[in-house]
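J.: sequence plus the predicted model coming up.
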Amino acid sequence: MSTPGPLRVVNSHVVVFRRFWRLNVLSSFVQPMLYLLGLGVGVGALVDRNAGSTDTLGGVPYVAFVAPGVIVTTAMTIGALESMWPVMGGLRWRREYHGMAATPLGATDIVLGHGIWMAVRAGVAAAAVGVALALFDDTRSWGLLPAIVVAMFVGIAFAMPTMAYSIGAEMDGAFAALQRFVIIPLFLFGGAFYPLSQLPEAVQWIARAFPLWHGVVVARGFTTDHGAPIDWVAVAGHLGYVALWAVVGTVVAVRRLERRLYP
Amino acid sequence: MSSVASPASAAAPSSPEPLIVARGLTKSFDGFEAVKGIDLEVRPGEFFGFLGPNGAGKSSTMRMIACVSPVSSGTLRLFGLDPARDGARIRARIGVVPQLDTLDTELSVQENLWIYGRFFDLPRSECRRRATELLEFAQLSDRADSVVEHLSGGMKRRLSIARSLINDPELLLLDEPTTGLDPQARHVLWERLYRLKQQGVTQVLTTHYMDEAEQLCDRLVVMDQGRIVAEGSPRELIDRYSTREVLELRFAAGTNDQHGALLAGIGDKQEVLPDRVLVYADDGEAALSEAHHRGARPESALVRRSSLEDVFLQLTGRSLVD
């Protein structure tokens, strides 16, 4: 029985990852923990003391409000970062994509393999944060499980368009721009750490255009008990929009990679 | 290493079907025509070469044969299959040693072979077994666990060749395999390639080193500016386009042109290069005495056999490596 091409590509990612997993897992876990402690405990103490905030946050402690935001932004960061330098390296430095292109594998296998691998990486990182959140009373919830799955989808929704961008990029300076003008602003203004309603209308619409906010809203619906049943139609709408980013990113990435590998 | 012996060795009757057939093959990039209509056939078991300077169109041709670059016009068939339709199927049956290494330098020698074997969907156990065999073939067994980054240039090239053999290819494509290697590493590599030839693996090589082409190729084409300008065995080409011997004379700087005039008429032909004057003659020693007789006082004089370098010079008026 033959192994599908994308899984053969995933296998090579696993072999590479085996060498660096300790550092990798540690750093993708430590950073969200720092945010969680700094924001949840530090800022949370201030926020929760302010009586008015419980209305805005839907009546939950600040740390519980922030928790799904940390899970989903962790997946976003992994998906985006791991689709910048590693993709450019595959084409320009280590050139392993060219090695693969000389085998029966093609651009579609490489892109789909990358997507699956990003799902695994984002899922594992989100799960690690989820495990930590399950240790505390304020954040412990069965809703963490579906929230991790949502985070994984957001990871792919950022990974695939970023991959398409990296395949087309001429220099790695392009990545600093992507981080400064997209990833960091989304992190700060994407609805992860406070409700979007706190922001001017125009900024809210920009945030809604990206997949992050949709993922955070759905994840938060699962992890926090807001007294109302989950609106599954809204969930499907949000996730559909997240999936749209992943699909468009994949299609563009395949087309661009095909042109680069088989000129 | 029995497993490297390909089906090609078994299928070597007197007039076998060609493995590669190209007719009127061209390759254009954004209006620039890198390959301008070439015809060729490569038969099973043959060691075939593309000789030419940088920019002659060798690598573009090679990339079309490797099915990683679509044909612009003309026809190309490998194993009777069309790369445009069956690219992946053809790639499954060939091995490629690219001009630039595409090894994963952060992984070990062994890991590189394993993951590459998996790209061809070889079972894990098979990958391991073949990796062990190929490392022995590439004389890298003792470096199996070394990270590729720490290998010498020659070792990396040998690993690239070992990796290209992981799928037991019927056809091996080598794009300038020894460029940048020191002479000793080149000889080790040549010896390994010769061994593969003896095992019946069909090989196609590009090079701008005439000694490499002379050493390895049964038959070769000389390419220049996207066209094939000559074809034959190294010996045939030398016989056809050059004289038996060449007299190389070095004169004081800046006096080559004037000496070229002085030597006019000696041998079949003279060639004035920036650093030396070449006299093509069947008897080099006789040409040298005639030069002395005419009053030429070279700083050094050397009589040597003709080489492919001379063939190229005769065909194009330029040297292979400038």
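T.: Received, thanks.

J.: flag every residue of the stretch 1-150 of chain A that's near chain B.
T.: Taking Cβ under 8 Å from any Cβ of the partner chain as the criterion, the stretch 1-150 of chain A approaches chain B at residues A:2-3, A:8-9, A:11-12, A:15-16, A:19-20, A:94-96, A:98-106. For the C-beta atoms, the positions are set from N, CA and C on the backbone; glycine is no exception.

J.: how about 6 Å then?
T.: By the rule Cβ under 6 Å from any Cβ of the partner chain, the part of the stretch 1-150 of chain A lying against chain B is A:2-3, A:8, A:11-12, A:15, A:94-96, A:98-105.

J.: just the buried residues from these, in PyMOL please.
T.: Burial among the residues of the stretch 1-150 of chain A next to chain B is assessed by 16 or more other Cβ atoms under 10 Å in any protein chain shown; the matching PyMOL selection reads:
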select buried, chain A and resi 8+11+12+15+94+95+96+98+99+100+101+102+103+104+105
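
J.: count of residues packed around residue 67?
T.: Picking chain A for this. 32 (other Cβ atoms under 10 Å in any protein chain shown).

J.: wrong one, I was asking about chain B
T.: By other Cβ under 10 Å, the residues close to B:Cys67 number 28.

J.: one more: B:Glu290?
T.: 18.

J.: please pull out the lowest mean pLDDT helix or strand from chain A.
T.: helix A:53-56 (a mean of 64; mean pLDDT, DSSP states H and E).

J.: show me the shaky parts of the stretch 151-263 of chain A.
T.: By pLDDT under 70, the low-scoring segments of the stretch 151-263 of chain A are A:226-227.

J.: can you give me every residue that contacts the residue of it found nearest chain B?
T.: Going by Cβ to the nearest Cβ, chain B is nearest to A:Tyr262 of the stretch 151-263 of chain A, at 5.5 Å. Going by Cβ atoms under 6 Å, 6 or more residues apart in numbering or on different chains, A:Tyr262 touches B:Val68.

J.: quick one, helices of chain B?
T.: With DSSP state H, the ranges of helices along chain B come out as B:7-10, B:58-65, B:83-91, B:109-119, B:124-137, B:153-164, B:183-198, B:210-216, B:234-241, B:256-262, B:284-293, B:308-316.

J.: grab the nearest non-local neighbour of residue 175.
T.: Unless you meant another one, I'm taking chain A. Counting by Cβ to Cβ, 6 or more residues apart in numbering or on different chains, A:Met84 is the residue found nearest to A:Phe175 once chain neighbours are left out, at 4.4 Å.

J.: that was the other one, I meant chain B.
T.: Going by Cβ to Cβ, 6+ apart, B:Asp175 has B:Gln99 as its nearest residue, at 4.3 Å.

J.: that neighbour and B:Leu173 touch, don't they?
T.: No: B:Gln99 is not in contact with B:Leu173 according to Cβ atoms under 6 Å; the separation is 10.6 Å.

J.: the residues of the stretch 1-150 of chain A next to chain B in helices, which ones?
T.: A:8, A:11-12, A:15, A:96, A:98-101.

J.: any idea how far A:Val124 lies from chain B?
T.: According to Cβ to the nearest Cβ, to the nearest Å, A:Val124 stands 20 Å off from chain B.

J.: and for A:Leu112?
T.: 14 Å.

J.: and that residue, how many residues sit next to it?
T.: 20.

J.: what do you get for B:Pro298?
T.: The burial count for B:Pro298: 20, using other Cβ under 10 Å.

J.: and the residue nearest to B:Asp175, how far from B:Asn256?
T.: 34 Å (Cβ to Cβ, to the nearest Å).

J.: buried set for stretch B:36-49?
T.: For stretch B:36-49, by 16+ other Cβ under 10 Å, it's B:36-38, B:40, B:42-49.

J.: find the closest residue to chain A in the stretch 101-250 of chain B.
T.: B:Thr102 (3.5 Å).

J.: quick one on the thing from earlier: which one's more surrounded, B:Gln99 and B:Leu173?
T.: B:Leu173 (24 against 16).

J.: of all residues in chain A, which one is closest to chain B?
T.: Closest point on chain A to chain B, by Cβ to the nearest Cβ, is A:Gly99, at 3.5 Å.

J.: quick check, pLDDT for that residue.
T.: Looking at A:Gly99, its pLDDT stands at 94.

J.: just checking, it touches B:Thr102?
T.: Yes: if you go by Cβ under 6 Å, A:Gly99 and B:Thr102 touch, sitting 3.5 Å apart.

J.: residues near B:Glu271, how many?
T.: The number of residues near B:Glu271, taken as other Cβ under 10 Å, comes to 17.

J.: can you pull up the bridge partners for it?
T.: Judged by DSSP bridges, the bridge partners of B:Glu271 are B:Leu278.

J.: do I have it right that it meets B:Leu278?
T.: Yes: if you go by Cβ under 6 Å, B:Glu271 and B:Leu278 touch, sitting 4.2 Å apart.

J.: hey, where'd the strands end up in the stretch 51-200 of chain A?
T.: Secondary structure of the stretch 51-200 of chain A by DSSP state E, counting those that start in this stretch: no strands are present.
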